[in-house]
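K.L.:
Provided below for reference: sequence and predicted model.
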Amino acid sequence: MIKRHHFVLLGALLVAVLVPTAATADPPFGTHAQTLVATGLEGGMGSAVGPDGALYVAEPAAGRISRVDPRTGQVTTFADGLPKQNPGIGLGGVMDVVFEGQTAYALTTLVGPDVGGSATAGIYRIDGPHSSHAIANIGAFAIAHPPLTDFFVPSGVQYAIDTYRGDFLVTDGHHNRVYRVSHNGSVSVLRSFGDIVPTGLAVRGNRVYMAEAGPIPHLPANGKIVTFDDSTSGASLVAAGAPLLVDVEFGPGNTLFAAAQGHWDNTDPGTPADPDTGQLVAANDDGTFTVLASHLDRPTSLEVIGNTAYVVTLDGEVWKVDHIVGNGH
């Protein structure tokens, strides 16, 4: 049972029927209203905007990626048969999805032999609605090349995937690293960090923008966006001050928006933030964040389409926040 430090999203995932609904939450601070787009996903984790403009959401409890129509909330299965989350662990399975052209790739974690599984912890190419194959075994690489920071899961806990200069980047929130992975399965460490818990990724040209949840107790001051490329060491701070950041995306005005899971005051390491304390924030030029929406229930990932943000939550919901405005970065 995984219950020691670094990771932030353990806990039971709610299983329900896939029935799209619509509802409106109380607007925070009199600013941006939140509307429920879809519900009933079997655990909501990473997401992507597909080539058709729809949302694609990883459902770890089901071993599935679902397509969510951002206009109607209709949920349909895009790909199934991926490694499922181990109920005894409460985390892992298919964690994220990314598109390269018309082809989708899924990231899986905590499914290998070191945690009692029999699947590959790594990247799967989606070949069809019921067909996929592993192209990279990140878990095996992590076991063979352990980090310098403290760890107790040999294969790590991979969280997010993005494309980068013909390859893939993958964060590991347990081993505190970013991997670079080629299509032929080669894995290398692009960046190693101290105990900062890297989570979501956004890529703009040669630059990588990464969210940090921060070490326990996940103080807001340690919730950061940093940036780096593959030519220099270290990372530069973009903004700090959001509680338990889990994802980052570009939006209107070239502004960076981020999802923060919220206030954490649990006594058990590895537990998620308190329910209904999550936030959607925008990075400011002075290195601070502006809160655009609050009272979100444990966000896990974020996408921006036009001037609308879509937030996926741990309990399998997708919410939208309309009329987000860039700050002209």
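P.N.:
Structure received. Quantities reported herein were computed from a predicted structural model and do not represent experimental measurements.

K.L.:
List the buried residues of stretch 276-293.
P.N.:
Neighbour-count burial for stretch 276-293, counted by 16 or more other Cβ atoms under 10 Å, picks out 277-284, 289-293. (Glycine included, C-beta is placed from N, CA and C.)

K.L.:
okay, the residues you listed in CSV with distance to Gly50 and secondary structure next?
P.N.:
Formatted as CSV, the buried residues of stretch 276-293 follow (distance: Cβ to Cβ, whole Å; DSSP: H, G, I helix; E, B strand; the rest coil):
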residue, distance to Gly50, secondary structure
Thr277, 30, coil
Gly278, 24, strand
Gln279, 26, strand
Leu280, 21, strand
Val281, 25, strand
Ala282, 24, strand
Ala283, 25, strand
Asn284, 30, coil
Phe289, 28, strand
Thr290, 29, strand
Val291, 29, strand
Leu292, 24, strand
Ala293, 24, strand
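
K.L.:
surely Tyr179 meets Ile138?
P.N.:
Yes. The pair Tyr179 and Ile138 passes the contact test of Cβ atoms under 8 Å, sitting 6.0 Å apart.

K.L.:
Identify the contacts common to these two.
P.N.:
Gln158, Val170, Asp172, Val187 (Cβ atoms under 8 Å, 6 or more residues apart in numbering).

K.L.:
any idea where the strands of the stretch 201-329 of the chain begin and end?
P.N.:
207-212, 224-228, 236-240, 245-250, 256-260, 278-283, 289-296, 299-305, 308-313, 318-321 (DSSP state E, counting those that start in this stretch).

K.L.:
what would these look like in a markdown table with mean pLDDT and distance to Ala134?
P.N.:
Below are those laid out as a markdown table (pLDDT from 0 to 100; distance: least, Cβ to Cβ, whole Å):
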| stretch | mean pLDDT | distance to Ala134 |
| --- | --- | --- |
| strand 207-212 | 98 | 24 |
| strand 224-228 | 98 | 28 |
| strand 236-240 | 97 | 33 |
| strand 245-250 | 98 | 24 |
| strand 256-260 | 98 | 28 |
| strand 278-283 | 97 | 32 |
| strand 289-296 | 95 | 33 |
| strand 299-305 | 97 | 22 |
| strand 308-313 | 98 | 24 |
| strand 318-321 | 97 | 27 |
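
K.L.:
most neighbours per residue, which of the ones you listed?
P.N.:
strand 256-260 (a mean of 29; mean count of other Cβ atoms under 10 Å).

K.L.:
same for that strand, what does it pack against?
P.N.:
Counting contacts by 3 or more Cβ pairs under 8 Å, 6 or more residues apart in numbering; DSSP states H and E, strand 256-260 packs against strand 198-204, strand 207-212, strand 236-240, strand 245-250, strand 278-283, strand 289-296, strand 299-305.

K.L.:
could I get the ones you listed as TSV with distance to Ser131?
P.N.:
Converted to TSV, these look like this (distance: least, Cβ to Cβ, whole Å):
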stretch	distance to Ser131
strand 198-204	26
strand 207-212	31
strand 236-240	39
strand 245-250	28
strand 278-283	35
strand 289-296	35
strand 299-305	24
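
K.L.:
Identify whichever of the ones you listed lies nearest to Pro129.
P.N.:
strand 299-305 (21.8 Å; Cβ to Cβ).

K.L.:
partners of that closest one in the sheet?
P.N.:
Using DSSP bridges, strand 299-305 pairs in its sheet with strand 308-313 (antiparallel).

K.L.:
one step back: can I get the shared contacts of Tyr179 and Ile138 in JSON lines including pLDDT, secondary structure and neighbour count?
P.N.:
Listed next are the shared contacts of Tyr179 and Ile138 as JSON lines, based on pLDDT from 0 to 100; DSSP: H, G, I helix; E, B strand; the rest coil; neighbours: other Cβ atoms under 10 Å:
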{"residue": "Gln158", "pLDDT": "98", "secondary structure": "strand", "neighbour count": "27"}
{"residue": "Val170", "pLDDT": "98", "secondary structure": "strand", "neighbour count": "30"}
{"residue": "Asp172", "pLDDT": "98", "secondary structure": "strand", "neighbour count": "29"}
{"residue": "Val187", "pLDDT": "98", "secondary structure": "strand", "neighbour count": "21"}
